[in-house]
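What follows is a predicted protein model with its sequence.
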Amino acid sequence: MIKVQNLSKKFADNMVLNGIDFEVAHGEIVVIIGPSGTGKSTLLRCLNYLEIPTSGVIEIADVKVDSATATAAQITNLRKKSSFVFQNYSLFANKTALQNVAESLITVWKEPKLVALKQAETILQQVGLGEKIHQYPSQLSGGQQQRVGIARAMAAKGEVILFDEPTSSLDPEWVDEVLAVMKQLAVQKQTMIIVTHEMQFAREVANRVIFMEGGNIVEQGTPKQIFEKPQHQRTKEFVGRSVKQNLSALDSAML
Amino acid sequence: MQMPLDVQYILELLPILLKYLSVTMEMAILGFCFAIILAVILAIVRVFKLPVLHNFAGLFISFFRGTPLLVQLFLLYYGLPQVMPIFAGVDAFSAAIIGLSLHFSAYMAESIRAAIMGVNKSQMEACLSIGMTRLQAMRRIILPQAARVATPSLMNYFIDMIKSTSLAFTLGVAEIMAKAQMEASSSFKYFESFLAVALIYWAVIEIFSRLQHYLEIRMNRAY
Ligand SMILES: Nc1ncnc2c1ncn2[C@@H]1O[C@H](COP(=O)(O)OP(=O)(O)OP(=O)(O)O)[C@@H](O)[C@H]1O
Ligand SMILES: [Mg+2]
């Protein structure tokens, strides 16, 4: 359903993605892990064409875009097939929670305003924000803002939702409520590609884990394979380190 | 001893001048409306660096900021019809409005552009990520946020514009400054006449300054 072929991205002389290939099936939940500066965000942003790939073909559902021949119309079509949840929420500051979620329905999908607002309200109820629909982003906590961010991405009618470290800028107290919403989406078989450092979450929710380093996919497999029997040395080191960090975080939380 | 200041004369002159205030305000309001439309277009051309248009906009802004308004008005009203006869039919009132809007649009374009650039880049990305086009993003998300930032400075330009309409009397527009000038030269009471017109400008500007203050407070409450 999603097919990426030979995707490369270069910033000036810095090769950030080295010809990446992968596929994601409908309903699959893929978690991408890897060290900082490895190109995880760049990969997600290329899928949504927020970054124009240097080369490569991206196919989502019935839209196929080759960066060598991409037209503006093709890019807009491809963007409609995915939506993005940002690390810093990036909610529309001039719109209420309800308007944020309804925006794509009104502007992109041309739904009648009342229908759109009704749908948006239903989605906000699903993420537990039925009481907050008329608040502006500045009036919401980090966790609430990110749940609006997820609701906005859900409303956009894409085939896949891309998450770039959705809990990384949250105070620890808000992390769980955001992860809970994502787990709920997983139960509904929403296709998702998630970049995260939440290893426990990855173990529980992912169908597949991809370990990336230096702009390459080093290894991929089920959470069990990656976390318990990693094949590559680099994966072993990274996973080992992350588990230790998580354990020490757990320790300090218990103190 | 003669009174240094003929208060009675001023009091009689005020209502006469006030009748011409509508001409002044009409010029300022119409000029401001045209200026804002032009300024938004110029700002968008500059922000998106649209080919060719971008260079033209830069030249336009540079010229209208780089020369005095009075020179621009004279060029437009007295000069242009000589080389382009179609402009001969433009009356002084329209010429003044055109001149004012061209002049102020150049300044306003720069403050609108700065306001657009000041809107966080992530807002545009969020728009694109849900499938909006750049134009839709501008209209629905970026410009409304930029408008909030730009409003105080645009209001300042409006106030400036009200004052600048006084230059229209040099084209022969019968606005409040022209009337004061006429009254002064027939009564020889220059000080009183120009003091009267100054008082009127001052009062009008004071009203708009308060409105501006009130608007700013309201907008800061909005979100
Ligand atoms: N707009 C840009 N211009 C230039 N270089 C960039 C740009 N965006 C990213 N890079 C570079 O690309 C590389 C990969 O960055 P990216 O943000 O994709 O990494 P990441 O895996 O998401 O890291 P992190 O875990 O820290 O978020 C980095 O070296 C970064 O400096
Ligand atoms: Mg990143």
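Yep, it's here. Ligands and ions are numbered 1, 2, ... in the order given.

going forward, measure contacts and count neighbours with C-alpha atoms only.
Fine.

what does chain A have sitting close to chain B?
Residues of chain A found near chain B (CA under 8 Å from any CA of the partner chain) are A:48, A:50, A:76-77, A:79-84, A:90-94, A:104, A:107-108, A:136, A:138, A:153, A:156.

Sitting in helices, which of these do you find?
Among those, the members falling in helices (DSSP state H) are A:Thr76, A:Asn77, A:Arg79, A:Lys80, A:Ala153.

burial of the nearest residue to A:Gln99 once chain neighbours are set aside, as a residue count?
What sits nearest to A:Gln99 in space, not counting adjacent residues and going by CA to CA, 6 or more residues apart in numbering or on different chains, is A:Leu117, at 7.4 Å. Using other CA atoms under 10 Å in any protein chain shown, A:Leu117 is surrounded by 20 other residues.

can you tell me which residues contact A:Leu117?
Residues near A:Leu117 by CA atoms under 8 Å, 6 or more residues apart in numbering or on different chains: A:Leu98, A:Gln99, A:Ala102.

Surely the second one is within a strand?
In this case it means A:Gln99. No - assessed with DSSP: H, G, I helix; E, B strand; the rest coil, A:Gln99 is helix; it does not lie in a strand.

the helices in chain B, which residues?
B:7-18, B:21-47, B:53-66, B:69-74, B:80-83, B:92-118, B:121-129, B:134-137, B:143-164, B:176-187, B:190-222.

Could you dump these into TSV and include distance to chain A, mean pLDDT and mean neighbour count?
Shown next, in TSV, are the helices of chain B (distance: least, CA to the nearest CA, whole Å; pLDDT from 0 to 100; neighbours: other CA atoms under 10 Å in any protein chain shown):
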stretch	distance to chain A	mean pLDDT	mean neighbour count
helix B:7-18	41	89	15
helix B:21-47	18	95	20
helix B:53-66	20	96	16
helix B:69-74	36	96	18
helix B:80-83	42	91	12
helix B:92-118	13	96	23
helix B:121-129	5	96	22
helix B:134-137	7	94	15
helix B:143-164	6	94	18
helix B:176-187	41	90	18
helix B:190-222	8	90	15
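
and of those helices, who's closest to A:Val205?
helix B:121-129 (24.2 Å; CA to CA).

Just the residues contacting the closest one, thanks.
A:48, A:50, A:76, A:79-80, A:82-84, A:90-92, B:133-134, B:137-138, B:141-142.

how does it look with 6 Å?
Residues from elsewhere that reach helix B:121-129 (CA atoms under 6 Å, 6 or more residues apart in numbering or on different chains): A:Ser83, A:Phe84, A:Ser90, B:Ala137.

quick one, that helix and helix B:143-164 angle?
Taking axes from the mean of the first three to the mean of the last three CA atoms, to 10 degrees, one finds helix B:121-129 and helix B:143-164 inclined to each other by 130 degrees.

Do helix B:121-129 and ligand 1 come into contact?
No - using CA under 6 Å from any ligand atom, helix B:121-129 stays clear of ligand 1, coming no nearer than 11.8 Å.

where's that helix relative to the chain centroid, distance-wise?
With CA atoms, centre = their mean, to the nearest Å as the basis, helix B:121-129 stands 33 Å off its chain's centre.

Let's see that helix as PDB, backbone CA atoms only.
This file holds the C-alpha atoms of helix B:121-129, laid out as PDB (Å, rounded to 0.1, in the frame of the first residue of the first chain):
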ATOM      1  CA  LYS B 121       7.400  28.000   9.300                       C
ATOM      2  CA  SER B 122       5.800  25.000  10.900                       C
ATOM      3  CA  GLN B 123       2.400  26.500  10.400                       C
ATOM      4  CA  MET B 124       2.800  26.200   6.600                       C
ATOM      5  CA  GLU B 125       4.100  22.700   7.000                       C
ATOM      6  CA  ALA B 126       1.100  21.700   9.000                       C
ATOM      7  CA  CYS B 127      -1.100  23.000   6.200                       C
ATOM      8  CA  LEU B 128       0.800  21.200   3.500                       C
ATOM      9  CA  SER B 129       0.800  18.000   5.600                       C
END
